[in-house]
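J.: Quick one, fold the following:
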Amino acid sequence: MLPLVEAAEVEAAVSEQSSTAASPAVLPLRPLAPGDNDEIWAELALPSDRQALLQAIHYSLTYLATPKAAADYQAYPVPGITRDRVWRSLQRLRQLVTHSPDDQALQSALRREFVLYESIGTDGEGTVAYTGYFEPQYRASTVPTAEYRYPLYRRPPTLESWPQPHPTRLELEGSDGLSSGQGPLAGLELVWLASRLEAFLVQVQGSAKLELTNGDIMSVGYAGRTEYPYTSIGRALVNDGKIAPDDLSLPNVIAYFEANPADLDRYLPLNERFIFFREGDSGAPTGSLSVPVTAGYSIATDKTLLPPGAIAAIQLPLPYPTPQGSWASRLTTRLVLDQDTGGAILGPGRVDLFVGSGAAAGELAGRINTPGRLYYLLLRP
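T.: The predicted structure follows:
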């Protein structure tokens, strides 16, 4: 598993929507009949920033040129979807995005040259559960101080030989998050944060940019984990009546713990999975295909079922901030690239949209928790 694999689990702090993985007898994608395509083609527009989409296309092409891509596509379950076809589709889309003079020209070419495959979704009828994920930015220290007390940890060199079951989060760091000094994590501290919740959210996201006390910026990325399933603390708060189901969002989870810090000792250990980190470079975060992810144009899906690196079109009510300081949503259909995955992103009906870095991106990511549709674009055979 690679950097940002765990980042696709922002659902953890939002809600766990049911995902019905396709059985071997049910394919995860189905081609749309020509008459069912018109509404989608008419909504696909050139982005205001073409360069961001072109960059994301370039990253998918970089992945598709690797031996890993060849291996990934050897067992891909949908007939007719091959690495070569995905590669040619991306090459053609890059030409169209670069040279199309307007939306109408792009849409006409897509209608003429491409076909659409729709995800069967969570219900076999195309309903897809969307969430968002982001790269947090927090303050941190390379040495422990009275203010900076909560560590992120390097991967233990003996992790692969740890006996099963692995130690739980509670066993590794204690109920207060400060009791790792005598256990298997002793000496593996990478950096310290001032907030226990922030350190936990870095584990949820799988990567972060950290502003150090000397002004430097450190990037940390995913390096491994213990073998436990993910448990949503947001869902636990709902189950205990701490947050109303309709109010469940990442900002509201954060607000709850800011108002009730003692409850961190109770709820954080419920997620027994523990994430380890490595220091990375200062560039964009990297997805599970070992290429950078692009804000607004990279999605995470179940790569055992959906085609890695391929062109997709997402369709969902996407939140946006209003000038009045509130939030609204508008139905959005957008070209994206399928470039990441995550342990909580299972089945053909789960998509996580990468929305960027920092606090504003976190606010947006925490508000994406909605049903939508998912399509893939491939050149006609």
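
J.: check contacts around Phe200.
T.: 177, 264, 268, 271 (CB atoms under 8 Å, 6 or more residues apart in numbering). Placement of C-beta: from N, CA and C, glycine included.

J.: Rebuild those as a markdown table, extending it with neighbour count, distance to Leu346 and secondary structure.
T.: Listed next are the contacts of Phe200 as a markdown table, based on neighbours: other CB atoms under 10 Å; distance: CB to CB, whole Å; DSSP: H, G, I helix; E, B strand; the rest coil:
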| residue | neighbour count | distance to Leu346 | secondary structure |
| --- | --- | --- | --- |
| Gly177 | 21 | 28 | coil |
| Leu264 | 18 | 27 | helix |
| Leu268 | 23 | 23 | helix |
| Asn271 | 24 | 17 | coil |
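
J.: Pass me the low-pLDDT residue ranges in the stretch 1-150 of the chain, would you?
T.: Along the stretch 1-150 of the chain, the parts satisfying pLDDT under 70 run over 1-25.

J.: any idea where the strands of the stretch 201-350 of the chain begin and end?
T.: 207-212, 217-225, 275-280, 298-300, 311-321, 327-340, 350-357 (DSSP state E, counting those that start in this stretch).

J.: avg pLDDT for the last one?
T.: When you say that, I think you mean strand 350-357. Summarised as a single mean, pLDDT over strand 350-357 is 95.

J.: And the longest one, by the same measure?
T.: Averaged over strand 327-340, pLDDT sits at 96.

J.: Same check on the third one?
T.: Along strand 275-280, the predicted confidence averages to a pLDDT of 90.

J.: tally of neighbours for the residue nearest to Arg225 when sequence neighbours are not counted?
T.: Leaving aside its sequence neighbours, Arg225 sits nearest to Ile275 (CB to CB, 6 or more residues apart in numbering; 5.0 Å). Close neighbours of Ile275, defined as other CB atoms under 10 Å, add up to 25.

J.: Then the one 3 residues further on?
T.: By other CB under 10 Å, 16 other residues sit near Arg278.

J.: what about it, distance to Ala300?
T.: Applying CB to CB, to the nearest Å, the value for Arg278 to Ala300 is 20 Å.

J.: do the same with Asp263
T.: 29 Å.

J.: These two: who's more crowded?
T.: The neighbour comparison of Asp263 against Ala300 (other CB under 10 Å) goes to Ala300, with 29 against 15.

J.: thought that one was touching Ile345?
T.: Yes - at 5.3 Å, Ala300 and Ile345 qualify as touching, with contact defined as CB atoms under 8 Å.

J.: Quick one: neighbours of the closest residue to Leu364 other than its chain neighbours, just the number.
T.: Nearest non-adjacent residue to Leu364, counting by CB to CB, 6+ apart: Val355, 5.0 Å away. Neighbour count for Val355, taken as other CB under 10 Å: 24.

J.: No more questions from me, cheers.
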